[in-house]
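Asks: One predicted model, sequence on top.
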Amino acid sequence: MPENLTVGEVKKLCGERTYQRGLHYQRGERVTVAEWDEFSRAIFGEVEGSGKNIYEQEIYFSPAGRNRLNGFCSCPVSRNCKHVAAVLLEWIDRNQASSENPVSPLKGDLGKWLKSTNELLSLKNNDQGPEPGNKCLLYLLDEKNRGFEHKVTLRAVKSRRLKRGGWGKANNFNLFDLNSYYSYYGSAAGALPLDYEVARLLADDNAYSNHLPQIKGDFGLLALQRLLQSGRCFYRSLDNPPLSLGPPRTASFHWKTEKEKTQLEILLEGESSGWLLIPTATPWYLDTQSHQCGPISQPLSTVMLQALRALPEIASDQLTELSYFLLRELPPQSIELPVELVVNQIDQPPIPHLFLHSVKDSQGNRHHLARICFDYGPLTLPPYLLRGQELELIRSTEEDWQVRRYPTEEASALQSLSDLGLEPASPSLERKGELELFFERDSLAASALAWRNLVAELPRLEGFGWKVTIDDTFVISFETISEIYADIDDENSQDWFEIGLTIEHDGHKISLAPLLVQWFEEDAHDQPLLHRLEGNRWLEIPHSVLQPVVETLVELFSDHQGDVDAAFRLLRSRSHSLLDIEERLNDSGHQIHWKGGKNVRQLAEKLRNFSGVTLIDKPDGLTGELRGYQQQGLSWLQFLREYEFNGILADDMGLGKTLQTLSHLLIEKNSGRLDRPALIVAPTSVLSNWLREAERFTPGLNCLLLHGPERAEEFSQLASYDLVITSYALLTRDLEQHLQQSYHSLILDEAQAIKNPQAKTTQAALQIKAAHRLCLTGTPLENHLGELWSLFHFLMPGFLGKRRDFTQIFRTPIEKHQNKARQEQLQQRISPFILRRTKEKVALELPPKTMMIREAELGSAQAKLYESLRLSMTKKITGLLKSKGLQRSHIEILDALLKLCQACCDPRLVKLDSARKVKPSAKLETLLELLEKLRDEGRKIIVFSQFTSMLALIEVELEQRKINYSKLTGQTRKRDAAITAFQEGDAQVFLISLKAGGVGLNLTAADTVIHYDPWWNPAVEKQATDRAHRIGQEKPVFVYKLVAKGTVEEKILQLQEKKQKLADGVYARRAQDEPLSGISSEDILNLLTPIKT
């Protein structure tokens, strides 16, 4: 191993310049290998060079001798290069400290600081100058004057110090070679670190010059200071003493007149004869007698001082003009002027002055302009930005003025105009030396509107102290209308009507349709719309007139097709929109005058508030009694049938949607209108319930349950029945047979089954021929508004527009942007066709329902299993969201989240070897403790779970504890027997899978509901709960939700709340301002946060 390797040896081997470059590489951590090989007595290294090239080094050590090092490298230089130096320095850094320049063993910032400081000290010690006999670089400062141009140049020469004193022969040296050739191929003989530094400092200011470098500017000052430090810089000749740093000296200015010629003398304090001006950033002097350089204390810029030093003799008749020039260009009272001037001074903030006028262009078109000036006392001046002088001299034949400009105040005034939308006008419209502004808009109307808004702002500007002048050429006027005329034509169709909107002015009618489309497309809904009359007269239609029309009929404008002069066409189901327009116009102080369409307007009144909807009596043949709200529901169904509308009966579960529907069909039969069968499509689990309810309440209806393998024989006899009942699964399978039959009504029970418009079930339902359509569901909206569109597309195609337009107009603004206005518009549109009552509002006799959350804290083994799954699923889901997005990875994400839910329910549900060893399940223990307590209290309990495998595990525990139970899943064949065993038998617990028994069951024997695991959708859970909490229940109902603490299940509860708010906002007007939102990728990732500890 090499002993006592020093930094000095590295410098000696590679040279000072190469050493510096190697140090840069080593400190940049570009040495990847530096290893000693004892057999070869060499250090082998690898260094990352430029362009990511890897170079290899072999550095051999001789046991004795003056030159014991010899380094080889695979780079083009090949020997003792910067890469060799870097490896040696890295070896020193890793293994020892050099006695000459110790490398600190400390790491971190302190170690870096010590290394940096040692290197700086090394540089300082190496800049002390050459020994006699050694060559070095010397510098000569000189001046170059050409006309009025003054330069100070630097010439580098190479020479050696003689033993007898003085310098030998000097050879010119190109200083900038130090920045090019020598920086790549080693150090130049005689060049010290200071020389490289000077070359770098002067390179920027002289980069493109083939002449001698100049000493000027900021870098020139730094270079000059380093040159004075070196003791190797001379004025003109090496025979002169080296230049040294002198004291600061004050300059004085004197005007000297001889023979009618005046000359400016600039004298330096303490200077006896000659001096040079060095044009550095702060001007310096070079005293040619004392050979000193130092800063000059004086009030002028370097450029102005340089110019005044070159000022020629001035004739007496030119002194006044020169004085004006100096007054304008020099700092106030900096030097005495050659002659005294009489100039008025203005130093006060300006008054912004706005001048409105118009000009004609070369084609004769007139353009409105706004000229901005500033009043300084009696003077009106263009903006400072056009002049750029803070102290401006204004000369006239009568008086002269010197004005101190206030750039900040002027900029603030200009910004105010910019905020109003004004921009610099085209140069062809400007007056020279003036700033003309205008409004650059896409249309004349938009430009006129901008000028109208500006005119409205003028009083505010004047209130801030502005002066406003309006020229006679600035002519623009506005007239406002506040009334609309609506002509309704409903004679041509039973399905739709046309509405033509006009305004009147000077006895002329103007169609509003094209103006509304224009206003909508310009997306300036807080601005009025302008219609051009003759000349510069404009008719202004306030946005408070336009907005009610456009927002109510928004989809007509989003995709307007054909002739914009045509009347708007609306479905009759949208007739209540007319009242929305009228009400909003009246609220804003405007009027609408109706003409025609009496029937449509009467229909609108009924759709709006159901006044005039006749209350229907209980039909003959109905064996049960109708509650008041059920009678109202029956009347609503009859109203829809009468006007050939379709709708959604969305009452809470358990309020008797089945009874109201059967009553409606019985009226249709009694009146003779049920000339064809009504088709009811329902989930398989409730088919028998429909048949039982029909036989019980409407025995006069001839019913067919179209189910089972023998159903094929019944299709030929369908017309002989009043009511046909089938399932969604069989509807798609038997579609061809159903298409051969025309139905009186098509009624979808649990209609959320068609929430996906692309699903086969939805497509099949759309093809069925029926005079009337009805959806029954307690949850018309489960996840997002697209589901609501699908239901209405089935009921009344076109009512909510195309799916794409609905997403753009309603779904995205409401779910993603919480747009309350669009939410209100959607609610108003659908409200006549959704009838929804909650148990809290109409079934007041129902006993209370108490909701409780019971937390289960996972044990250490189960928590560890959950956390390992969570980390794995987080990585998987994050990758899916990045690569495929939320929509395209829905199935994979749901599967991943379900695995987390399974880990919460019971480790045995997770299909992993490691999960089988985890015992026990915290939730299962919590459930069993709760069941023991409830059994002792004599409760009848329903347990819901989405996992049938979890129900099987619970079943085993119940058998061990000898608790009587019943069970209902998708595999249960004798459903009625399972229900009866709980409702009427001795089964104390009913295990039900969420999908198999969440809808259509009447389980009023239960007084306790336990949700073992939460489901994503609150509506699904509520439907399941309402199997017990429904009409016929006489006992209070207690609902328990079991939740694994700090897991995905807690986040699911938060997600349920978010979805519930979305549904609430559509069903009814909101009493308070709560945010609405859809479900985003962020929601998904939030589900994956770790367990709280």
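Replies: Perfect, I can see it now.
Asks: Which strands and helices lie in contact with the longest helix seen in the chain?
Replies: Longest helix in the chain by number of residues (criterion: DSSP state H): helix 860-883. In terms of contact count using 3 or more CB pairs under 8 Å, 6 or more residues apart in numbering; DSSP states H and E, helix 860-883 is assigned the packing partners helix 890-905, helix 913-916, helix 1081-1086. Any C-beta I mention is one placed from the backbone N, CA and C, and that applies to glycine too.
Asks: let's see it at 7 Å
Replies: Taking 3 or more CB pairs under 7 Å, 6 or more residues apart in numbering; DSSP states H and E as contact, the helices and strands that helix 860-883 lies on are helix 890-905.
Asks: now the longest helix of the chain, how far from the centre of its chain.
Replies: How far helix 860-883 lies from its chain's middle: 27 Å, per CA atoms, centre = their mean, to the nearest Å.
Asks: And for stretch 880-898?
Replies: Chain-centre distance of stretch 880-898: 22 Å, with CA atoms, centre = their mean.
Asks: What are the buried residues along it?
Replies: With burial defined by 16 or more other CB atoms under 10 Å, the residues of stretch 880-898 counted as buried are Leu880, Leu881, Leu886, Ser889, Ile893, Ala896, Leu897, Leu898.
Asks: tell me which residues of stretch 148-158 are tucked away?
Replies: Burial within stretch 148-158, assessed by neighbour count using 16+ other CB under 10 Å, is assigned to His150, Lys151, Val152, Thr153, Leu154, Arg155, Ala156, Val157, Lys158.
Asks: swap that for stretch 258-275, please
Replies: By neighbour count with 16+ other CB under 10 Å, stretch 258-275 contains the buried residues Thr262, Leu264, Ile266, Leu268, Glu271, Trp275.
Asks: Same question for stretch 925-939.
Replies: Thr926, Leu927, Leu928, Leu930, Leu931, Leu934, Arg939.
Asks: isn't Ser993 right up against Ala952?
Replies: No: the criterion here is CB atoms under 7 Å, and Ser993 misses it with Ala952 at 10.4 Å.
Asks: As a quick check, tell me the outermost residue of this structure.
Replies: Here the centre of the chain is the reference, and by CA atoms, centre = their mean the most remote residue is Arg164, at 78.1 Å.
Asks: a markdown table for the buried residues of stretch 148-158, including secondary structure?
Replies: A markdown table is the format used below for the buried residues of stretch 148-158 (DSSP: H, G, I helix; E, B strand; the rest coil):
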| residue | secondary structure |
| --- | --- |
| His150 | strand |
| Lys151 | strand |
| Val152 | strand |
| Thr153 | strand |
| Leu154 | strand |
| Arg155 | strand |
| Ala156 | strand |
| Val157 | strand |
| Lys158 | strand |
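Asks: ok, those residues vs Gln229, which is closest?
Replies: Taking CB to CB as the measure, Gln229 sits nearest to Leu154 out of the buried residues of stretch 148-158, at 14.7 Å.
Asks: Name the residues linked to that closest one by a beta bridge.
Replies: When bridges are called by DSSP bridges, Leu154 pairs up with Leu141.
Asks: And it, how far from Ile488?
Replies: Here the criterion is CB to CB, to the nearest Å. By it, Leu154 lies 93 Å from Ile488.
Asks: Next, the distance between the ends of stretch 965-984.
Replies: Taking CA to CA, to the nearest Å, stretch 965-984 runs 12 Å from one end to the other.
Asks: Repeat that for stretch 756-771.
Replies: The first and last residues of stretch 756-771 sit 23 Å apart, counting by CA to CA.
Asks: Now do the buried residues in that stretch.
Replies: Pro757, Thr761, Thr762, Ala764, Ala765, Ile768, Ala770, Ala771.
Asks: Stretch 325-334 too?
Replies: In terms of neighbour count (16+ other CB under 10 Å), stretch 325-334 has its buried residues at Leu326, Leu327, Leu330.
Asks: same deal with stretch 344-354?
Replies: Going by neighbour count (16+ other CB under 10 Å), the buried part of stretch 344-354 is Ile346, Pro350, Ile351, Pro352, His353, Leu354.
Asks: just stretch 427-435 next, same as before
Replies: Result for stretch 427-435 [16+ other CB under 10 Å]: buried residues Glu430, Leu435.
Asks: Also stretch 371-390?
Replies: By neighbour count on 16+ other CB under 10 Å, the buried set for stretch 371-390 is Arg371, Ile372, Cys373, Phe374, Tyr376, Leu379, Leu381, Pro382, Pro383, Tyr384.
Asks: I'd like to know the average pLDDT value across it.
Replies: The average of the pLDDT scores along stretch 371-390 is 87.
Asks: Can you tell me what sits against it?
Replies: The contact list for stretch 371-390, computed with CB atoms under 7 Å, 6 or more residues apart in numbering, reads 346, 348, 350-355, 357, 394, 401, 403-405, 407, 410, 414, 417, 433-437, 467.
Asks: Just the C-alphas of that stretch, formatted as PDB.
Replies: This file holds the C-alpha atoms of stretch 371-390, laid out as PDB (Å, rounded to 0.1, in the frame of the first residue of the first chain):
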ATOM      1  CA  ARG A 371     -55.800  57.700 -25.400                       C
ATOM      2  CA  ILE A 372     -54.100  57.700 -22.000                       C
ATOM      3  CA  CYS A 373     -52.100  60.700 -20.900                       C
ATOM      4  CA  PHE A 374     -51.000  62.100 -17.500                       C
ATOM      5  CA  ASP A 375     -51.400  65.700 -16.300                       C
ATOM      6  CA  TYR A 376     -48.400  67.000 -14.500                       C
ATOM      7  CA  GLY A 377     -49.500  70.500 -13.400                       C
ATOM      8  CA  PRO A 378     -50.300  72.400 -16.600                       C
ATOM      9  CA  LEU A 379     -48.600  69.800 -18.800                       C
ATOM     10  CA  THR A 380     -50.300  66.700 -20.400                       C
ATOM     11  CA  LEU A 381     -47.700  64.100 -21.200                       C
ATOM     12  CA  PRO A 382     -47.700  60.700 -22.800                       C
ATOM     13  CA  PRO A 383     -47.000  57.700 -20.500                       C
ATOM     14  CA  TYR A 384     -43.500  57.400 -19.000                       C
ATOM     15  CA  LEU A 385     -43.100  54.000 -20.700                       C
ATOM     16  CA  LEU A 386     -42.900  55.800 -24.100                       C
ATOM     17  CA  ARG A 387     -40.200  58.200 -22.900                       C
ATOM     18  CA  GLY A 388     -38.200  56.300 -20.300                       C
ATOM     19  CA  GLN A 389     -36.900  59.400 -18.500                       C
ATOM     20  CA  GLU A 390     -37.800  59.900 -14.800                       C
END
